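Chemist: What shape does this take:
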Amino acid sequence: MTSLPTPRGASVLRAAALGGVAGLMLGGLGLLGLGVKAVFVPADCTGLSAQECQLNRETDRDLGRLQTLSGGALVALGAALFALTRPRPPSEPPSEPHDPSA
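Modeler: Take a look at the predicted model:
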């Protein structure tokens, strides 16, 4: 038989989940920022030949796309974990029907 966690155990689990959510969100936002920068801001080609510059810019653009996608996935995962672990108000017991004739 499984038993419910104690209130202290539940709060520790919730705190650990909150730390995980914060890590996923911060990491995802960081990757999103780096990816957007790599996609929209061209690399500096000072001292490079035309072919080297083209290769550098194409590589930055492709890696930026991957970072943007991965960052978005991490943010979505963090949001889903937050939605699953947020505190819920206690459910109220169903009220008994009122009999007016009594």
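Chemist: pull the longest helix from the chain.
Modeler: Of all segments of type helix in the chain, defined using DSSP state H, the longest is helix 50-85.
Chemist: buried stuff in stretch 12-30?
Modeler: 21, 24, 25, 27, 28 (16 or more other C-beta atoms under 10 Å). Every residue, glycine included, has its C-beta placed from N, CA and C.
Chemist: So which other helices or strands are in contact with the longest helix of the chain?
Modeler: Contacts defined by 3 or more C-beta pairs under 8 Å, 6 or more residues apart in numbering; DSSP states H and E place helix 50-85 against helix 7-40.
Chemist: what is the mean pLDDT for the helix it packs on?
Modeler: Averaging pLDDT along helix 7-40 gives 88.
Chemist: got the angle between that helix and helix 50-85?
Modeler: Interaxial angle, helix 7-40 versus helix 50-85 (axes from the mean of the first three to the mean of the last three C-alpha atoms, to 10 degrees): 160 degrees.
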